[in-house]
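Asks: I would like to see how this sequence folds:
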Amino acid sequence: MEGGGGASNGGMLYHEVQESKLCAVHCVNTVLQGPFFSEFDLAALASDLDSTERQMMLGSATGDFLPHLSHNVSLDGDFSIQVLQKALEVWDLQVIPLDSPVAEPAQIDPESENAFICHLEDHWFCIRKVSGEWYNFDSLYAAPEHLSKFYLSAYLDSLKGFGWSIFLVRGNFPKECPMTSSEASNGYGQWLSPEDAERITKSCNSPSNPRASRMQHLSDPHVPYSDEDEDLKAAIAASLMDSTPEIKAEVGTLESENKNTNSKA
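Replies: Residues are numbered from 1 along each chain as shown. I've put the predicted structure just below:
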């Protein structure tokens with residue numbers, strides 16, 4: 001399985017920083033390592049799935065199916081796993097629950113795979129191997145974060161422990177995506193060398209961030225928070241909707257800091 005997704009664009013890393021609530025778009029594109037899909041593309045797939053489901057449920061007495069509502073995209077833009085599956089099927093990729101029997105080899109030896117999709121509540125992100133190295137392409141981070149092969153397994157176990165749903169992605173990953181002069185056609189992606197990604201990550205992990213002590217535990221979706229923090233966390237999430245790239249990078253900084261702290265505990 002090494003060759004399917006090992007190399008991409010000469011080792012360059014494609015990363016998308018969180019825009020509004022488009023984490024599903026960012027997740028799909030970082031799996032593919034290029035700006036292949038927009039929010040409009042995923043919305044069209046969701047609409048097709050909704051139409052198919054309505055046809056299947058026509059005349060059904062099932063009480064919990066509401067035909068006037070979308071079951072594949074929420075009002076705030078969160079897409080279902082079925083939408084992500086359909087998008088990746090276009091590229092001959094399969095999305096498999098990690099706890100299924102088919103994925104048992106990946107449970108034992110995740111390093112032999114090429115990509116994982118993670119989901120909790122309304123957030124999606126991708127863990128992807130590029131040129132033999134693993135990276136966390138979470139769109140809340142300012143840059144892809146390198147994961148050692150040893151840490152990959154522990155990190156996946158940690159996510160499962162916190163209730164994240166994890167899916168394995170298998171198939172023929174795109175080998176190349178033309179890098180345009182504008183870097184990424186969707187406007188919020190960027191190409192980074194591994195060295196640039198490491199430099200940005202180290203810079204973001206600096207303890208000099210004045211907001212870290214107050215916001216650190218609030219910004220990490222992997223860590224539970226108290227009811228007292230609910231309003232502040234909601235305000236942070238709302239600020240992401242219209243925030244500048246610098247603020248988005250700062251939130252990604254706090255995410256990375258908190259995870260690094262937890263991994264050492």
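Asks: what about the helices in the stretch 1-150 of the chain?
Replies: 2-5, 23-32, 39-57, 81-89, 104-108, 149-161 (DSSP state H, counting those that start in this stretch).
Asks: my read: residue 36 touches residue 28, true?
Replies: Yes - the criterion here is Cβ atoms under 8 Å, and residue 36 meets it with residue 28 at 7.3 Å. To be clear about C-beta, it is placed using only N, CA and C from the backbone, and glycine gets the same treatment.
Asks: Those two: which has the busier surroundings?
Replies: When residue 36 and residue 28 are compared for neighbours, residue 28 comes out ahead with 27 against 20, by other Cβ atoms under 10 Å.
Asks: where's that one relative to residue 167, distance?
Replies: 12 Å (Cβ to Cβ, to the nearest Å).
Asks: Figure out the length between the terminal residues of stretch 138-149.
Replies: 18 Å (Cα to Cα, to the nearest Å).
Asks: ok, now stretch 173-192?
Replies: By Cα to Cα, one end of stretch 173-192 lies 19 Å from the other end.
Asks: ok, now stretch 18-29?
Replies: OK, stretch 18-29 end separation, Cα to Cα: 12 Å.
Asks: Equivalent analysis for stretch 14-28, please.
Replies: End-to-end distance (Cα to Cα), stretch 14-28: 11 Å.
Asks: In that stretch, which residues are buried?
Replies: By neighbour count on 16 or more other Cβ atoms under 10 Å, the buried set for stretch 14-28 is 14-19, 21-28.
Asks: Next, the buried residues of stretch 95-114.
Replies: Buried, per 16+ other Cβ under 10 Å, within stretch 95-114: 95-96, 98, 103, 106-107, 110, 113-114.
Asks: What are the contacting residues of it?
Replies: 1-2, 4-6, 81, 84-85, 88, 116-117, 128-129, 134, 149, 152-153, 156, 160, 165-170, 173 (Cβ atoms under 8 Å, 6 or more residues apart in numbering).
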